[in-house]
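Peer 1: fold the following, please.
(one chain, ligands or ions: 1)
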Amino acid sequence: MSSQKSKAHLNLIGGKWVESPSGETFESVNPADLSDIVGRFQLSTADDADQAIAAASTAQPDWASAPPSQRADILNRAAKLMESKTRELAELLTREEGKTLAESTNEIKRAAANLTFYASQSYLIGGETLPTDEKSTFLYTIRRPVGVVSVITPWNFPVTIPVRKIAPALAAGNTVVFKPASLTPMMAIKLCEILTEAGLPPGVINIVTGSASKVGSRLVQNKQVNAVTFTGSWDVGDHIQHAVGTTCRTQLEMGGKNPIVVLEDADLDLAVACTVQGAFGLSGQACTGTSRAIVAKRVIGEFTERVIDATRNLTIGNGLTEGVKMGPVADKNQEDTILGYVKIGKEEGAELLYGGRKLDGDGYDRGYFIEPAIFSRVQPEMRIAQEEVFGPVLAIIECDGFDDGLEIANRVDYGLSASICTRDLGRAQQFVESIQAGMVKVNQPTTGVALNAPFGGVKRSSTDTFREQGSIAMEFFTRIKTVSVRYGK
Ligand code: NAP
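Peer 2: As a prediction, the model looks like this:
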């Protein structure tokens, strides 16, 4: 499996695969097996980023005037290519990021479906006609691409998150400079290869791999960049928001501290299944992952026991192995941070009921494997109930009922996704109205949102500017022009 001696993958700039003049490379490593080097990549410089931006800027006018059928055809072809390579790409994704093969397969299929969805959006970029008091005048709006878009993405969904940014950008006639997370450059290169093979003209998609410390500021501050779409942590998003100029628009998707509220009338089987899936799916490394279960006093005992039982049944291991339900965490940093929060939880006085230790023996020493952690007696103000852990750590918090549960759920800085488990439709609707979150689920896990639905949050989870996903995504990637035409006296 190791490709240690293989040549380094190249950057894509202006339609050519090129080396970085830095002459330096870096590796991506399988977090389930550190001896498996997934690939080697260019450690790009600020100059590489500037060149990619210049190439995107040169290519943009022609791409903007390409007919919608051309853009749609290319995106549809890319979708088909991706589908045809599902197995190969899913295995590579599991090797590079660590998620299970089933999770990777879902991600590839979802990315292909996104490409198809945005292909159709090429035809749907419209405007509106407006009544006017002016005689013989036709007043209307048109939408045009914003120009050059920097796409900066995290490692946890290294295919779907880039696709749900790049595909709408391209469908609207923008050109793109793509900087993937340094942990998962292989999947980004594969995506660019597919888009190129599908017929994207030179310069329409460009990729520079490497550390944000080298290329990040250019992608955000170069004056030829008209928009930055970013997904990642609050700290980096906040930095980007302050670094961009006033003529550059931003779309920032950041962290979460997502609650599931379980009322005493809940279907406990369902509540437990939703909680375990939301908390430990993707090794807890989903922005919409469940990190707090806020549970009514009367059912908290039974709920907790059942969550522990269900968690015990999760087989942890290399995501390529059949039957494995939870893979490793992404890297040493993630491992240290997660184990650090387990320690903090214990020190704060929460009770660690299950897991929370680094696994060893049985092949676990090869990678970054952690047992899921379940804490009870968590107080809402504790750090494990307030800060994003981004790992398989569940904080169970007792509440007195609906009002108390809602208040605790809202008492955090984040507001991405939230769920309630109840049979009472009235309570559910009250929750929908009052929860401070961009996405609300009823009797469902906090994770997973349909690809045609708007995605985003409130508070520290997203900038209150533009939503991602669905047709509303096209708003970020287009600019409105108002047109007034006098056609007579
Ligand atoms: P991160 O450290 O913020 O990095 C995200 C991306 O930003 C990476 O490509 C990173 O490059 C780049 N970056 C870092 N510093 C930068 C700078 N100063 N200027 C420009 N780019 C910079 O996040 P992560 O660890 O990859 O991902 C985990 C975070 O993403 C969590 O907080 C999670 O909640 C969030 N997330 C949110 C959503 C959502 O939709 N709301 C979805 C998924 C994940 P390097 O890799 O080279 O550092």
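
Peer 1: next one: the spatially most central residue of the chain, what pLDDT does it get?
Peer 2: Closest to where the C-alpha atoms of the chain average out (Cα atoms, centre = their mean) is residue 161, at 4.7 Å. Per-residue pLDDT puts residue 161 at 98.

Peer 1: likewise for residue 2?
Peer 2: Here the pLDDT value assigned to residue 2 is 40.

Peer 1: same thing with residue 248?
Peer 2: Per-residue pLDDT puts residue 248 at 96.

Peer 1: before we move on, the earlier item: the residue nearest to the centre of the chain sits in which helix or strand?
Peer 2: According to DSSP states H and E, residue 161 maps onto helix 160-171.

Peer 1: next one: residue 151
Peer 2: Applying DSSP H and E as the criterion places residue 151 in strand 148-152.

Peer 1: packing partners for that strand?
Peer 2: Under the contact criterion of 3 or more Cβ pairs under 8 Å, 6 or more residues apart in numbering; DSSP states H and E, strand 148-152 touches helix 46-65, helix 160-171, strand 175-179, helix 212-221, strand 227-231. Glycine gets a C-beta too; all of them are placed from N, C-alpha and C.

Peer 1: now the ones you listed in TSV, with distance to residue 147?
Peer 2: Below are the helices and strands packed on strand 148-152 laid out as TSV (distance: least, Cβ to Cβ, whole Å):
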stretch	distance to residue 147
helix 46-65	6
helix 160-171	10
strand 175-179	8
helix 212-221	14
strand 227-231	7
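
Peer 1: how about the ones you listed, which one is nearest residue 245?
Peer 2: Closest to residue 245 of these, according to Cβ to Cβ: helix 212-221, at 7.0 Å.

Peer 1: got a list of contacts for the closest one?
Peer 2: Helix 212-221 has contacts (Cβ atoms under 8 Å, 6 or more residues apart in numbering) with 22, 43-46, 48-50, 53, 150, 152, 177, 179, 182, 208, 225, 228, 236, 240, 243-245, 248.

Peer 1: name the residues of the stretch 151-300 of the chain found near the ligand, please.
Peer 2: Taking Cβ under 6 Å from any ligand atom as the contact definition, the stretch 151-300 of the chain meets the ligand at 152-157, 179, 181-182, 211-212, 216, 219-220, 231-233, 236, 239-240, 253-256, 287.

Peer 1: which of those residues are buried?
Peer 2: In these, burial by neighbour count holds for 152-157, 179, 181-182, 212, 216, 219-220, 231-233, 236, 240, 253-256, 287, counting by 16 or more other Cβ atoms under 10 Å.

Peer 1: ok, back up a step: out of the helices and strands packed on strand 148-152, which comes closest to residue 32?
Peer 2: Evaluated with Cβ to Cβ, the helices and strands packed on strand 148-152 place helix 160-171 nearest to residue 32, the distance being 20.5 Å.

Peer 1: so residue 254 sits against residue 240, correct?
Peer 2: No. If you go by Cβ atoms under 8 Å, residue 254 and residue 240 don't touch, sitting 10.0 Å apart.

Peer 1: skipping adjacent residues, who's closest to the residue in the stretch 301-450 of the chain that the ligand sits nearest to in space?
Peer 2: Of all residues in the stretch 301-450 of the chain, residue 390 sits closest to the ligand, at 5.0 Å by Cβ to the nearest ligand atom. Residue nearest to residue 390 in three dimensions, not counting chain neighbours: residue 285, with 5.7 Å by Cβ to Cβ, 6 or more residues apart in numbering.

Peer 1: also residue 332?
Peer 2: Distance criterion Cβ to Cβ, 6+ apart; nearest residue to residue 332, sequence neighbours excluded, is residue 368 at 6.5 Å.

Peer 1: and that neighbour, what does it touch?
Peer 2: Taking Cβ under 8 Å, 6+ apart, we find residue 368 in contact with 31-32, 98, 328-332, 334-335.
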